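> I would like the atomic coordinates for the input below:
(one chain, ligands or ions: 1)
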Amino acid sequence: MQRFVPVLRQDNVDPQLISLINTLMAACKEISFRLHQGELAGILGSTLDENIQGETQKKLDIISNQLIKDILLESGQVRAIASEEEDTIVAGSENGRYLVCFDPLDGSSNIDINSLVGTIFSIMEVPEGQTGATEEMFLQPGTAQVAAGYVLYGASTQLALTTGDGVRLFTLDNTIGEFLLTQERMSITQETAEFAINMSNQRFWEPAMQDYIADLLAGETGSRDKNFNMRWIAAMVGDVHRVLCRGGIFTYPTDNKNPNKPYKLRLMYEANPMSFLVEQAGGVSSTGYERIMEINPQEIHQRVAVILGSKNEVNTCLSYHK
Ligand code: F6P
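Next up is the predicted model:
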C-alpha cells in the first residue's frame, strides 16, 4: 500500500541529510521525466566523446550528469562531488558537510532500446576538521557511507534508499511529483535459484567462478541438486533491484579479458552504494575475497569485482574462492 511520506522524514536521520537527498531527488525526477519523453525529447543516442572510463558517452549520460551536478553544487549542502562522468572531483561549497559520489545513468547502453537504467548514489561526510575539497576526502571505505540508494527509471520510477537502518522503497507518483513510500523494509531472501552474470565472459573468469557457475548450470544433475535460472539486464541497477525484490545472486567477477582491466564495476559509485543497500536488506556483498564495504579506496574511479545478493547463495559462491 502506498503512503505519502515526503522522501524522507525519518526519525533519527539528520535533517540536513534528508534535505540533501530531497535535493538529489529533484534532479532524478527531471531525469525520469526526460527519459519517459524518450525519442520525443530528441535526447537519445551518443555524443562523439568518451568518459574517463573510455566508454562512449550517451547524450542522456551528459544531461543527467549536468542536472545532478548543478543541483548539488548549487545547494550549498555539498563540499564536493565525484561522478562517473567527471574525470576529477568537483568542488562545491566550503561549508558543505557532505560528499556525494554518483553514476548519473547506470546501464546507459539500455537507453536506446527503452530498457532499464538508473541513477546510483553514495553519500559520505567530510572527515572531521578537513577544509577545502580534495580527492583524498572521498577515499573512505564503504562503511563510512551515511546514505546510499538508486533511482530506477523503469515502467515506474522507484527509489531504493538506505540511511543505515534498512532499505525503503519509494515509487514516484507523477501526478503529484513526489516519491511515495511503497515498501517499508526490503528484505532479500536468503535462498535463491536465480543468478545474473554475463556468460559471454565465461572463458575469462578465475577457476573459482568457472567452477561455481558450472555447478549452477549442471542443476539437478550436479552437486547443487537443484535447477537455476539466469537473468541479465546489463544494467547493474536493474539486476540489483531484482535481487532486492525477489532474491538472487548478481556478479561481475574478476576476468582476464583485458589484463589492464580485471574488474568492470566502479567501487565508489556502483559497488559501495549497492553493497550498503544489499547488506541493509540482509544480503552479502564481496569481491570473492573481501567485504566490498571494507575496501580502502585508492582513487575515485577504482574498479572492483562484485558478488552480491542472497546470503546463502553468495556464501556458497565465496566458498569456491577459499
Ligand atoms: O556500469 C557498468 C554496467 O553498465 C553495469 O551497469 C552492468 O552490470 C554492466 O556494465 C554490463 O556489462 P556488460 O556490457 O558486460 O553486459
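> Near the ligand, which residues of this protein? Just list them.
Proximity of the chain to the ligand, by Cβ under 6 Å from any ligand atom, involves residues 106-107, 198, 234-236, 252, 264-265, 270. Just so you know, the C-beta spots here come from the backbone N, C-alpha and C atoms, and that holds for glycine as well.
> Which of these are buried? Put it as a ChimeraX command.
The buried residues among the residues of the chain next to the ligand can be selected in ChimeraX (16 or more other Cβ atoms under 10 Å) with this line:
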select :106,107,235,236,252,264,265,270
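> Serialize the residues of the chain next to the ligand to JSON lines and add fields for secondary structure and distance to residue 26.
Shown next, in JSON lines, are the residues of the chain next to the ligand (DSSP: H, G, I helix; E, B strand; the rest coil; distance: Cβ to Cβ, whole Å):
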{"residue": "106", "secondary structure": "strand", "distance to residue 26": "19"}
{"residue": "107", "secondary structure": "coil", "distance to residue 26": "22"}
{"residue": "198", "secondary structure": "coil", "distance to residue 26": "34"}
{"residue": "234", "secondary structure": "coil", "distance to residue 26": "28"}
{"residue": "235", "secondary structure": "coil", "distance to residue 26": "23"}
{"residue": "236", "secondary structure": "helix", "distance to residue 26": "24"}
{"residue": "252", "secondary structure": "strand", "distance to residue 26": "31"}
{"residue": "264", "secondary structure": "coil", "distance to residue 26": "30"}
{"residue": "265", "secondary structure": "strand", "distance to residue 26": "27"}
{"residue": "270", "secondary structure": "helix", "distance to residue 26": "23"}
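> closest to residue 293 among the residues of the chain next to the ligand?
residue 270 (12.9 Å; Cβ to Cβ).
> Surely that closest one and residue 120 touch.
Yes: in this structure, residue 270 is within contact of residue 120 by Cβ atoms under 8 Å, at 5.9 Å.
> where do the contact lists of these two overlap?
Common contacts of residue 270 and residue 120 (Cβ atoms under 8 Å, 6 or more residues apart in numbering): 103, 106, 236.
> Pick out the residue in the protein sitting closest to the ligand.
Residue nearest to the ligand within the chain: residue 236 (3.4 Å; Cβ to the nearest ligand atom).
> Would you mind confirming that that residue makes contact with residue 265?
Yes: Residue 236 lies in contact with residue 265 (Cβ under 8 Å); the separation is 6.4 Å.
> which residues are in contact with both of those two?
Common contacts of residue 236 and residue 265 (Cβ under 8 Å, 6+ apart): 252, 306.
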